[in-house]
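Undergrad: quick one, what's the 3D model for this:
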Amino acid sequence: MTTLLLSHNACLEHRTPVGHPESPARVRAVLDALDDPQFEALQRDEAPRATVKDIARVHPPAHVEDLLASMPTKGSAHIDADTAISPGSGEAALRAAGAVCRAVDAVASGQAQNAFCAVRPPGHHAEPETPMGFCLFNNVAVGALYAREKYGLLKAAVVDFDVHHGNGTQAMFEADENLFYASTHQSPLYPGTGAASETGVGNIVNVPLGSGADGTAFRAAFDKVILPALRTFDPDILFISAGFDGHADDPLAGLNLTEPDYVWVTKELMDVAQNACEGRIVSTLEGGYDLGALARSTSAHVATLMGQDA
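TA: Next up is the predicted model:
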């Protein structure tokens, strides 16, 4: 099974203030972990820069241009209390979205069975005209619409197991019956969306988990709700918003997931993809703020994508 790893050094140049949890050290920790000999068989490629046209499938062009033009020339600035930008942030955001598009190219053309994008800034909180929650552009939504336009993969599904609800992805998908979004997330927690009653046009599936929930509750949410809905949707391509901040060691939330839970959910999603869309999966990094837990969880996820036994 061929897995492609996409990243770019620009993702390290998106600088946030000292002490900010969404720091360059996150991608550094992931890439260091994936340099282990265990991952020698990974294909590796640099993330290209997404074009404004690519991003404008989900964000208005004027918004894209204005956001890119707003980057400071030195130091850092804040879009909101959580979301910081620096001189390198625009390039990092273009590379993060471009990584997902390049991953789509690889799995749609048969170059790779699946792909993992080790990029930042993350994306799933970014709404059509509102960067928020550490996110500038919605990388996974950009990839989904790119897959549709370039490869005719009409039915795109995103499954999000970040501890925070992907309000941005939901907002972009909820009116289109050929786009599917499913999320497990802690609730109540930022950003306050993701109630089970939020169902879009029947294409949105939310399973909120209470603080302290562990792998048993997480797996039940998938077994009983998300996986059956995903199978019914029958996607042409499957995206994963792979946030690892539901880990028990993560400082920003209160779920108690462990590496075996990420292995299990990855295997389950691979099984659905194998039956629905010839195994085509594009996974992209979202949250995860304890560096050790992030490195271990990402390693477990990628090894599973590669078909390695955990």
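
Undergrad: do a quick rundown of the strands in this structure.
TA: Along the chain, the stretches classed as strands by DSSP state E are 3-7, 43-46, 77-78, 84-85, 114-117, 156-160, 179-186, 204-209, 237-242, 281-285.

Undergrad: can you put these in TSV and add mean neighbour count?
TA: (C-beta placed from N, C-alpha, C; glycine too.) Shown next, in TSV, are these (neighbours: other Cβ atoms under 10 Å):
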stretch	mean neighbour count
strand 3-7	24
strand 43-46	15
strand 77-78	12
strand 84-85	22
strand 114-117	29
strand 156-160	27
strand 179-186	27
strand 204-209	22
strand 237-242	27
strand 281-285	28
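
Undergrad: pick out the residue nearest the middle of this protein.
TA: Ser241 (2.8 Å; Cα atoms, centre = their mean).

Undergrad: please name the nearest non-neighbouring residue to that residue.
TA: If the residues on either side of it in the chain are set aside, Ser241 comes closest to Asp160, at 3.7 Å by Cβ to Cβ, 6 or more residues apart in numbering.

Undergrad: mind listing what's buried in stretch 241-252?
TA: 241-250, 252 (16 or more other Cβ atoms under 10 Å).

Undergrad: one more: stretch 230-238?
TA: 230, 233, 235-238.

Undergrad: next: stretch 15-24.
TA: In stretch 15-24, counting by 16+ other Cβ under 10 Å, buried: 15-16, 21-24.

Undergrad: what about that stretch, distance to the chain center?
TA: 19 Å (Cα atoms, centre = their mean, to the nearest Å).

Undergrad: and the end-to-end length of that stretch?
TA: End-to-end distance for stretch 15-24, by Cα to Cα, to the nearest Å: 7 Å.

Undergrad: who touches the nearest residue to Ala295 once chain neighbours are set aside in this structure?
TA: Nearest in space to Ala295, with sequence neighbours left out and distances taken as Cβ to Cβ, 6+ apart, is Ala33 at 3.9 Å. Residues near Ala33 by Cβ atoms under 8 Å, 6 or more residues apart in numbering: 295-296, 298-299.

Undergrad: let's see which of those end up in helices.
TA: 295-296, 298-299 (DSSP state H).

Undergrad: if you rank the contacts of Ala33 by neighbours, which is first?
TA: Comparing those by number of neighbours (other Cβ atoms under 10 Å), Thr298 comes first, having 25 neighbours.

Undergrad: contact partners for that residue?
TA: Here Thr298 is in contact with 30, 33-34, 116, 118, 242, 244, 285, 288 (Cβ under 8 Å, 6+ apart).

Undergrad: and if you look at Gly292?
TA: 29, 249.

Undergrad: what about 10 Å?
TA: Listed by Cβ atoms under 10 Å, 6 or more residues apart in numbering, the contact set of Gly292 reads 29, 33, 247, 249.

Undergrad: can I get the residues you listed in TSV with pLDDT?
TA: Listed next are those as TSV, based on pLDDT from 0 to 100:
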residue	pLDDT
Ala29	98
Ala33	98
His247	98
Asp249	98
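
Undergrad: these in helices, which ones?
TA: Judged by DSSP H, the subset of the contacts of Gly292 located in helices is 29, 33.

Undergrad: out of the contacts of Gly292, what pair is the most spread apart?
TA: Greatest spacing in these, by Cβ to Cβ: Ala33 and Asp249 (14.7 Å).
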